[in-house]
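J.: can't give you the sequence, but here's the structure:
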């Protein structure tokens, strides 16, 4: 019997690649007769409309009535500020239930948020024999890698979804066994031959989260404008939701070549891919994009910008086009590069489409192959002895301690105070209102008299306040009278600093807190 699998989704079963992966893998294993479950927090956005296998078990917060479990009003886990206690009873109940059903250790795989792993880590002190924690690394991002670093004392097995992530994790967490289990797509053996492609007026498709930082979606209107300037008739359909939606809508205003739609359900995706000729992905970072794999399987030719992870192992010169845009390039440059690549390769679309289908349908990127590898992974993880979180360390990812937190190094206060003291006679902006800033808010409070505002790339944070100061967009920095910007991040400091031109063009100097210490990343 296969050990039971429990995947936690702390933002709920919402629209996104990780959620689709979790639903498909657990359902595929359930169809094989294995015990699988999802542990779902309340949905923070639109729920994912995806069929789940009837045998797949679902645990939810708040949980179904259990006599010895209180029923608090659950705040989103990202707002827990290190207090994991309200969520622990449901996590414990899910583990105990699956363990009792199978008499085997439950393999628990946290996703998205560090504190999801923290909940499992905390329970290793109470019920260590009932479960094991395993990692499944989906994205080549500083945050995802830091989560695995932070919880490596209780994780012996980690699955990486790409070759690059496998190599990165082997070097970074040498004591863990790293598995290479790529993302996958279902293959429909009855799928009819792809309709003829439209090379005279190609139909382009972007399908995914609308995000400026990672997905670089404002490259899309630039792409369309550049194609028009090159004399190439086309349409571009953009499907998705996310924090950059309003910015994207404004950038697309007046472009009759672009259709902007809400996110699609997984069941709608195959038909959308069949109705388009070219799949666009302008991301700075990916793990191994599910949407990319689905596009290949349907013969919708991928044109994607270079990322460190995932793309190059799937895309070659015969089944798509990998555009060598640097990950540090801005959205405008990415859009122009993609447009030129499309214009140069338009005549090759029929050949590329046929090769795309052939490259994916009989490969390790099928859902069946992924489930086979997952079975071996789960058995190996269950064979490990219990690992217990150290008693002298807080298991929360977001709770500061002498060891630092997941988002701040141990000497963060010292470095921030030194920088703030050196800028004592300047007017400051603080870039970032995430965990790093909130964990160090007491330090910023000491210097609030010369902080004009906070800035953040996420539009959802705009028009709010912090320390009674407004949170604004980086492009509005010049309106505050500030002279200097502090990048309030440890994990993402390098990426933010690489985009400092936004501030320097407005006459502000940009400062890193951790210039003089070695990065753990």
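T.: Received the coordinates, thanks. Quick caveat, the model's predicted, so the values are computed rather than measured.
J.: Let me know how buried residue 246 is, in neighbour terms.
T.: 12 (other C-beta atoms under 10 Å). For every residue, glycine as well, the C-beta is placed using N, CA and C.
J.: Now do the contacts for it.
T.: residue 459 (C-beta atoms under 8 Å, 6 or more residues apart in numbering).
J.: Please repeat the previous calculation with a cut-off of 10 Å.
T.: 210, 459-460, 462 (C-beta atoms under 10 Å, 6 or more residues apart in numbering).
J.: where does the stretch 301-450 of the chain have low pLDDT?
T.: 401-403 (pLDDT under 70).
J.: can you give me the strands in it?
T.: 301-305, 321-323, 428-431 (DSSP state E, counting those that start in this stretch).
J.: Any idea which of those strands gets closest to residue 113?
T.: Nearest to residue 113 among those is strand 428-431 (21.7 Å), distances taken as C-beta to C-beta.
J.: What segments of the stretch 351-500 of the chain are helices?
T.: 367-382, 412-422, 435-439, 441-446, 493-498 (DSSP state H, counting those that start in this stretch).
J.: Then the stretch 201-350 of the chain?
T.: 219-229, 245-252, 269-274, 290-297, 311-314, 331-345, 349-361.
J.: Buried residues, the longest one. List them.
T.: By neighbour count, and taking 16 or more other C-beta atoms under 10 Å as the criterion, the buried residues in helix 331-345 are 331, 333-339, 341-342, 345.
J.: Determine how far stretch 317-331 lies from the middle of the whole chain.
T.: 19 Å (C-alpha atoms, centre = their mean, to the nearest Å).
J.: Buried residues in the worst-scoring helix or strand of the chain on mean pLDDT, which are they?
T.: The helix or strand of the chain with the poorest confidence is helix 311-314; it has a mean of 84 (mean pLDDT, DSSP states H and E). Residues 311, 314 are the ones in helix 311-314 that count as buried (16+ other C-beta under 10 Å).
J.: can you list contacts of that helix?
T.: With contacts defined as C-beta under 10 Å, 6+ apart, helix 311-314 is touched by 162-164, 180, 182-183, 281, 283, 286, 288-289, 292-293, 296, 302, 304-306, 320, 322-323, 356, 359-360, 363, 365.
J.: what's residue 148 in contact with, if anything?
T.: Contact partners of residue 148, counting by C-beta under 10 Å, 6+ apart, are 114, 117, 135-137, 155, 158, 160, 169, 172-173, 176, 178.
J.: Enumerate the positions of the strand or helix carrying it that are buried.
T.: Per DSSP states H and E: residue 148 is located in helix 142-150. Within helix 142-150, the residues that count as buried by 16+ other C-beta under 10 Å are 142-148, 150.
J.: can you list the domains in this structure?
T.: 5-184+367-382, 203-361, 412-512 (automatic domain parsing).
J.: could those domains go into JSON lines alongside distance to residue 404?
T.: Formatted as JSON lines, the domains of the chain follow (distance: least, C-beta to C-beta, whole Å):
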{"stretch": "domain 5-184+367-382", "distance to residue 404": "9"}
{"stretch": "domain 203-361", "distance to residue 404": "24"}
{"stretch": "domain 412-512", "distance to residue 404": "7"}
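J.: nearest to residue 390, of the ones you listed?
T.: domain 5-184+367-382 (6.2 Å).
J.: Would you check the distance separating that closest one from the middle of the chain?
T.: Relative to its chain's centre, domain 5-184+367-382 lies at 15 Å (C-alpha atoms, centre = their mean).
J.: in this structure, which segments are predicted with low confidence?
T.: Within the chain, the stretches with pLDDT under 70 are 63-74, 189-195, 401-403, 516-521.
J.: Need the nearest residue in space to the residue positioned nearest the centre of it, chain neighbours excluded.
T.: Nearest to the mean C-alpha position of the chain, by C-alpha atoms, centre = their mean, lies residue 139 at 5.8 Å. Once flanking residues are discounted, residue 139 sits nearest to residue 287: 4.5 Å by C-beta to C-beta, 6 or more residues apart in numbering.
J.: Now do residue 33: how many residues are near it, please.
T.: Residue 33, neighbours per other C-beta under 10 Å, totals 9.
J.: swap in residue 21?
T.: 21.
J.: I believe it is in a strand; please confirm or correct that.
T.: No. Residue 21: not assigned to a strand; according to DSSP: H, G, I helix; E, B strand; the rest coil it is helix.
J.: In contact with it, which residues?
T.: Here residue 21 is in contact with 7, 111, 136, 138, 161, 183-184, 287, 290, 367, 370 (C-beta under 10 Å, 6+ apart).
J.: Can you tell me which of these are buried?
T.: Those of the contacts of residue 21 that meet the buried threshold are 7, 111, 136, 138, 161, 183-184, 287, 290, 367, 370, by 16+ other C-beta under 10 Å.
J.: Turn these into JSON lines, columns for distance to residue 98.
T.: Below are the buried ones among the contacts of residue 21 laid out as JSON lines (distance: C-beta to C-beta, whole Å):
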{"residue": "7", "distance to residue 98": "12"}
{"residue": "111", "distance to residue 98": "17"}
{"residue": "136", "distance to residue 98": "17"}
{"residue": "138", "distance to residue 98": "23"}
{"residue": "161", "distance to residue 98": "24"}
{"residue": "183", "distance to residue 98": "25"}
{"residue": "184", "distance to residue 98": "24"}
{"residue": "287", "distance to residue 98": "27"}
{"residue": "290", "distance to residue 98": "26"}
{"residue": "367", "distance to residue 98": "23"}
{"residue": "370", "distance to residue 98": "21"}
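J.: Check those residues against residue 269 and report the nearest one.
T.: Among those, residue 290 lies closest to residue 269 (C-beta to C-beta), at 9.4 Å.
J.: distance of the closest one from residue 178?
T.: 21 Å (C-beta to C-beta, to the nearest Å).
J.: Fine, thanks again, bye for now.
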